[in-house]
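>>> Got a predicted structure here, sequence first:
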Amino acid sequence: DVKVTQSSRYLVKRTGEKVFLECVQDMDHENMFWYRQDPGLGLRLIYFSYDVKMKEKGDIPEGYSVSREKKERFSLILESASTNQTSMYLCASTRTGAYEQYFGPGTRLTVT
Amino acid sequence: GQNIDQPTEMTATEGAIVQINCTYQTSGFNGLFWYQQHAGEAPTFLSYNVLDGLEEKGRFSSFLSRSKGYSYLLLKELQMKDSASYLCAAANYGGSQGNLIFGKGTKLSVKP
């Protein structure tokens, strides 16, 4: 079974803090994705990566950065958290040539 | 442009049949996914249609018409546990590898 894990299920941070969200997959997938999900807006792609050290902007990259130093790990960084970044963050992965994405359990981030 | 449309909410009765529709407009279309997402949890894969026609998998079936840009998910013999959001997603050649374009989801409530 594909397993995608995320470092925290729930996280509360203060405005201005630097926040790290980590995602690890154990199926040797090349492609990894970070989404945020908000009521009425659905899943929106923040960043994705198709190889180690490679990254591409998604639809809403502003205020975020990512890091992919190892194939299995993809980190999302909020450089200076703001209240409008309160959301559910979902990580997903897939192998090259495939489209079915496997999702992690999500991190519900609250910025106060 | 790229667009995925599906109803926001639906209500159905336990034991009944419900059909959730999805229309899409994308460039580089390469198939249509349906995911199920229970509240507070990650999306899980239900079905993938790349060719026109109906794919049946137990109580769930999914249909695709590429010429009409249309898909539906059919749920039979509804159970209370089917209360969830159902996400329609188009696989897209445009952009980078493994990209899915998600609709905003249809929240299905199953009532006794």
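Good, I have the coordinates.
>>> Run the chain-centre distance for the helix or strand bottoming out on mean pLDDT in chain B.
Using mean pLDDT, DSSP states H and E, the weakest-scoring helix or strand in chain B turns out to be strand B:100-102, at a mean of 90. Its chain's C-alpha centre and that of strand B:100-102 lie 11 Å apart, by C-alpha atoms, centre = their mean, to the nearest Å.
>>> for it, packing partners?
strand B:84-92 (3 or more C-beta pairs under 8 Å, 6 or more residues apart in numbering or on different chains; DSSP states H and E). C-beta: built from backbone N, CA, C; applies to glycine.
>>> Sheet partners, orientation included, of the strand it packs on?
strand B:29-37 (antiparallel), strand B:100-102 (antiparallel), strand B:106-111 (antiparallel) (DSSP bridges).
>>> residues making contact with the longest one?
The reference is to strand B:29-37. With contacts defined as C-beta atoms under 8 Å, 6 or more residues apart in numbering or on different chains, strand B:29-37 is touched by A:99-100, B:22, B:24, B:43-50, B:62, B:64, B:66, B:71, B:73, B:84-93, B:100, B:105.
>>> buried sites along it?
The neighbour-count check on strand B:29-37 (16 or more other C-beta atoms under 10 Å in any protein chain shown) flags B:29, B:31-37 as buried.
>>> Tell me which of the strands paired with strand B:84-92 lies nearest to A:D59.
strand B:100-102 (9.4 Å; C-beta to C-beta).
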